[in-house]
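Visitor: return atomic coordinates for the entry below.
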Amino acid sequence: MERFRVIVIGAGHAGVEAAWAAANRLGAPDSVCLLTLRADTIGAMSCNPAIGGLAKGQLVREIDALGGLMGLAADATGIQFKMLNTSKGPAVHGPRCQSDNQRYPKAVQSLLKARCEIRIVEGAVEELLVSDGRVGGVRARTPDGRVLTLVSDTVVLTTGTFMRGLMHTGEAKTSGGRHGEAAASSISDSLLELGFELGRLKTGTPPRLDRRTIDWDNLPEQWGDAEPTPFSDLSHGGWAVPGLACERFPVIEQVACRQTQTHPDAHAFIRANLHRAPMFSGQIHSVGPRYCPSIEDKVVRFAERESHGVFLEPEGLDSDWVYCNGIATSLPRDVQDAIVRTMPGCEKAVILRYGYAVEYDTVLPHQIEATGHTRRVRGLFFAGQINGTSGYEEAAAQGLVAGLNAALYVQGEARFVLGRDEAYIGVLMDDLVTKTPTEPYRMFTSRAEHRLLLRADNAADRLTPLAERLGLLGSHGLGTERLARFKDRSEALARGRAFMQRTRHAGGGSAGGGSGEKTLWDRCRVAAFGPEALAEAMRASGEALAMPVVRTLHAEARYEPYVERERVEIRRRSEHEARRLPDWADYAAMADLRAEARQALARFRPETFGQASRLEGITPADLTLLRVLVERAGRERAADRSG
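Guide: As a prediction, the model looks like this:
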C-alpha cells in the first residue's frame, strides 16, 4: 500500500498534463502517481502524428502559457511547422506541426522523468476505491501479476479510448483501445456500479503506408513555413531538461509532405462494399466525429465528389511509415488495398497497418463540473476522451485543468475555472458541462465568441500571470526561465505600444496604408499595413522588436475598436455570467418553469446563471423566472433555519 497526494490513471495526452500540472502545484517528491499500462507508450500519438491546427493550436499555446508540456514536446520533435489560416486575420491563425511520432513520446517521457514529484507506475486498474461518496484510491494489477493498493484522496481518470474499447476492420472485431493494446473493461464496470451514466462514441484512423513503395518524387510537395513558429515561448531562445535539449528552433530536420487524392474507381468500389463497412452494416452503433469523417462516410455524404484530397505525411525522420491523412476507414483490408492503389503515386504502395475504427465508453459530461471534478464522487476527476472529446489538444487541455484542480482539492484550496472570455480552454470546459455530446467534441474557432481576445499570439499575455499565481509554473528551471522571458516580453510590449502611439508615419506605397500621416498605432488598421510593414517602420524610426512582439502589437492595434466593444459587453454580462446557482436548488419542484427547462436544469445542474443560459431548451424567459424562483426558495430556507 502506497499513498500519494494525487493519482492520475492513464498516460496519454490528458494524463501527462494532469500529472505535470499537479506536480507543479504540489512540488513535493513522489506526490503524484502516474499509473499506466505501459511506461514505454506514455505520450504516444495514437492517430495523426501532428499537434495543433485551427483552434487546436490556440489550445496548445494556452497549455504552454499555463506551464504545460505539450508545446515543449511538439517544438522538440516537430518535422514540419505551418501557421494555418494566414489568409484571414490573426484571431483565427492556427499553429500546427507535423511531429516525429517516435521522438514525441520519448520527449514527453524525458520531461516527466526529470520531475521528482512524479512516480510512474505500470499497472492495470481493477477497481476504484470509493467510500461514503469519496474516492480513496485505486487497486491495480502490475504486469507481473502483483496487486497494488494505491491510496489517495484525489484520482484523475484519463482513459482515452480504452474503456471497453473495441476495434473494427471490416467484419473483424478486436478488443483494445488502440492497435496492439488491451481494452480496460473493469473501469467501466466500476463507474457503472458507482451510478455514472455512460455513453459510447467512435473514432477512426487511416492506413499507414510503406514510404519505400510510394512514387514519392512525382507527387506535389507540401512544405511548412520558411520561418517556423514554435508553440512554446521557451523555444525562441532554447531550453533544456535532463535527457532533452531544445537549444535552437527548429530542433530537427524539416521535411515535406506529399499530396494525392482518391480516385472515382475507388469510390465505386467503396459503394459496392458498403455492406461490409461496420458503420453501414450495423456492426457499429456509436457516432463518430462529424468533422473528421471516414472515407466511406465521405463517399456517401458527398456523392457528387469524384475525389477527395489525401496528404501523405511522414511519421518520422527515421521511419518508413506514412500517415494517409484523409482516408480514415474501418473497411475490410482488401477494400483498403484497392482505395490506396488507385491513388496517384500509390499504385504499388504497401499498407503497413490497416485503418480501423474504435468504439469506447465515455461518461456523459453533465456529470462533471467545469474543473473535471465529478458530481457523484468527491475527489474523482475525469479528463480527455472519457468526457466525450476528440483530439490530443482537447485532451491535454482538460488534463491540465483536472490536474490543477485535483491538487487544489487535496490542498483544501478553492477550485479554479477559466471563463469563456479568458481562454479557449474555458470555452472547452464550459461546452462540456452545458451540452450532451452526440459526437466526439472538437474545438473550432467558431465556438469561441470572444476569439478576438483569445488569439494564439497573446496566450502568454493572458495566462502566464494566472499560471504564476496558481503555482502552475513550478519551482524547476523551466518555470523560472518562463517567468524571466514573460517579463522581457511584457516590457517589450509596453515599450512598443508607447512608441507606436507617439510615432507618426507618412502613408504611401503598397505598405503605407494610404496617404496622410498617422500614428503607427492607427496605421495598423489599414489592410495593406501588415506586421512586416510595422516592423520595418519601427526599425526605421529607431525601435527594433522581435517579430512575435510586433505581431501581437499589430493585432492589438488592428482589433482595438472591436476588442473594446467586446470588453464592454463582457463587463455588462459579468454579473449574470458569474452569479452562482445554489447546489440545493430542486429544479424538478419548480412547477412554474416549463417542463423542458426543469428537465435541462435537473440533468446538467449548472453552477452559474451563465451556464444555465447555454443549456439547450433554456430561454431568456426561463432565466428571468429562474432568478425569481431561486431568490424565493432562498428566503424560505433562511426563514426555516431561523424558525
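
Visitor: what's the closest non-adjacent residue to Asp64?
Guide: Spatial nearest neighbour of Asp64, excluding adjacent residues (Cβ to Cβ, 6 or more residues apart in numbering): Gly71 at 3.4 Å. Any C-beta I mention is one placed from the backbone N, CA and C, and that applies to glycine too.

Visitor: and that neighbour, helix, strand or coil?
Guide: helix (DSSP: H, G, I helix; E, B strand; the rest coil).

Visitor: what's the burial count for it?
Guide: 27 (other Cβ atoms under 10 Å).

Visitor: and if you look at Met1?
Guide: Neighbour count of Met1, defined by other Cβ under 10 Å: 7.

Visitor: does it touch Ser152 like I think?
Guide: No - counting by Cβ atoms under 8 Å, Ser152 is not a contact partner of Met1; they are 11.2 Å apart.

Visitor: now Asp622: how far from Arg594?
Guide: Applying Cβ to Cβ, to the nearest Å, the value for Asp622 to Arg594 is 6 Å.

Visitor: more neighbours: which of these two?
Guide: Each of Asp622 and Arg594 has its neighbours counted (other Cβ under 10 Å); Asp622 has more, 20 against 15.

Visitor: what about the more buried one, which SS state?
Guide: Going by three-state DSSP: Asp622 is helix.

Visitor: ok, it touching Ala597?
Guide: Yes - with contact defined as Cβ under 8 Å, Asp622 reaches Ala597; the gap is 4.3 Å.

Visitor: shared neighbours of Asp622 and Arg594, anything?
Guide: Common contacts of Asp622 and Arg594 (Cβ atoms under 8 Å, 6 or more residues apart in numbering): none found.

Visitor: can you read off the pLDDT for the residue nearest to Asp64?
Guide: pLDDT recorded at Gly71 is 97.

Visitor: next: Gly177.
Guide: The model reports Gly177 with a pLDDT of 82.

Visitor: any idea how far Cys346 is from Thr205?
Guide: The value you get for Thr205 to Cys346, if Cβ to Cβ is used, is 18 Å.

Visitor: in contact with the residue nearest to Asp64, which residues?
Guide: So Gly71 contacts Val60, Arg61, Ile63, Asp64, Pro230, Phe231, Ser232, Ser235 (Cβ under 8 Å, 6+ apart).

Visitor: tell me the contacts of Thr519?
Guide: Contacts of Thr519 (Cβ under 8 Å, 6+ apart): Met500, Gln501, Arg502, Thr503, Arg504, His505.

Visitor: the helices in the stretch 1-150 of the chain, which residues?
Guide: 13-26, 56-65, 70-77, 103-113 (DSSP state H, counting those that start in this stretch).

Visitor: most tightly packed of these?
Guide: Mean neighbour count (mean count of other Cβ atoms under 10 Å) peaks for helix 13-26 among these, with a mean of 31.

Visitor: what is the lengthiest helix in the chain packed up against?
Guide: When the chain is parsed with DSSP state H, its longest helix is helix 547-578. With contacts taken as 3 or more Cβ pairs under 8 Å, 6 or more residues apart in numbering; DSSP states H and E, helix 547-578 sits against helix 477-502, helix 520-523, helix 531-540, helix 609-613.

Visitor: of these, which is nearest Leu244?
Guide: For Leu244, the closest of these is helix 477-502, at 10.8 Å, according to Cβ to Cβ.

Visitor: which positions in the closest one come out as buried?
Guide: Buried residues in helix 477-502, counted by 16 or more other Cβ atoms under 10 Å: 478-479, 481-483, 485-486, 489, 492-493, 496, 499-500.

Visitor: so, low pLDDT: which residues of the stretch 451-600 of the chain?
Guide: For the stretch 451-600 of the chain, residues meeting the criterion pLDDT under 70 lie at 508-516.

Visitor: no wait, the stretch 151-300 of the chain
Guide: The stretch 151-300 of the chain contains no residues with pLDDT under 70.

Visitor: now with 80, please.
Guide: Regions of the stretch 151-300 of the chain meeting the criterion pLDDT under 80 cover residues 180-185, 285-292.

Visitor: please enumerate the helices of it.
Guide: Under DSSP H, counting those that start in this stretch, the stretch 151-300 of the chain gives helices at 185-193, 264-272, 278-281, 295-301.

Visitor: need the ones you listed in a markdown table with mean neighbour count, can you?
Guide: Listed next are the helices of the stretch 151-300 of the chain as a markdown table, based on neighbours: other Cβ atoms under 10 Å:
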| stretch | mean neighbour count |
| --- | --- |
| helix 185-193 | 18 |
| helix 264-272 | 16 |
| helix 278-281 | 20 |
| helix 295-301 | 20 |
